[in-house]
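J.: Sequence first, then the predicted structure, then my questions.
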Amino acid sequence: HFVYVATPHGGPPCLGRPGAAAFDRCGHVAPMSLKFGAHIPFVNLLGFTLEAFADGHSEIHYAPRPEHMNSFDVTHGGACMTLLDVVMATAARSVNPDMGVVTIEMKTSFMRPAKVSPGGRLTAKGRLMHRTKSMAFTEGTIYDEAGLACAHATGTFKYVNRAPDRATEAGIVHPQISTD
């Protein structure tokens, strides 16, 4: 099973195996990330990177910063739920990237603390389980650095047409979407 993965230095995505790393000419692991295809300020603030996006599957990496921790010094549940929401939404959009999605329902189970070492990251994987013309049924799981599942969610998303973009006075583009 192949998915589109990012290539180093902002090149076009290429086909690769899920979880496979890209390597530079020296054999070092190369940085990878794709564009989300939508301006999402909160995702940018948290620092999520999209690493796979195709055929009903997505993968996002997240390196929680100290301000993203709770009082137990583990990744805050709200940050984890946002990561799950976004990885499920991108899995839903991966079959039709020109469409937008809005979250209708989400159920989350926390299985263990989402701990990371300094400089470490969490990996979230999303999967489109079923879709109709207007709805997507998805699941997502967050894994820690040891590959252990920390949280799992299921979600329902509605596909929405993206209306033409309009620029604000600040020059930031915000899509207008209809939820009818």
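T.: Thanks, I have the structure now.

J.: in what helix or strand does Asn44 lie?
T.: helix 41-46 (DSSP states H and E).

J.: what sits up against that helix?
T.: With contact meaning Cβ atoms under 8 Å, 6 or more residues apart in numbering, helix 41-46 is reached by Phe36, Tyr62, His68, Ala79, Thr82, Leu83, Val86. C-beta: built from backbone N, CA, C; applies to glycine.

J.: hang on, isn't the third one packed against Cys80?
T.: No: using Cβ atoms under 8 Å, His68 and Cys80 do not qualify as a contacting pair, with a distance of 9.5 Å.

J.: which stretches of the protein have low pLDDT?
T.: Low-confidence segments of the chain, defined by pLDDT under 70, are located at 1-32, 163-180.

J.: Then Leu128 would be within a helix, right?
T.: No: according to DSSP: H, G, I helix; E, B strand; the rest coil, Leu128 belongs to no helix; its state is strand.

J.: if you skip the residues just before and after it, what's nearest to it?
T.: Among residues not flanking Leu128 along the chain, Gly56 sits closest, at 3.5 Å (Cβ to Cβ, 6 or more residues apart in numbering).

J.: ok, back up a step: tell me what the helix or strand following the helix holding Asn44 is packed against?
T.: Reading on from helix 41-46 to the C-terminus, the next helix or strand found by DSSP H and E is strand 49-54. When contacts are defined as 3 or more Cβ pairs under 8 Å, 6 or more residues apart in numbering; DSSP states H and E, strand 49-54 packs onto strand 3-5, strand 57-62, helix 77-93.

J.: coming back round to it: now the contacts of helix 41-46 as TSV including distance to Thr103 and neighbour count?
T.: As requested, those are exported to TSV (distance: Cβ to Cβ, whole Å; neighbours: other Cβ atoms under 10 Å):
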residue	distance to Thr103	neighbour count
Phe36	15	20
Tyr62	18	25
His68	21	20
Ala79	16	21
Thr82	11	20
Leu83	13	28
Val86	10	24
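
J.: Cheers, nothing more for now.
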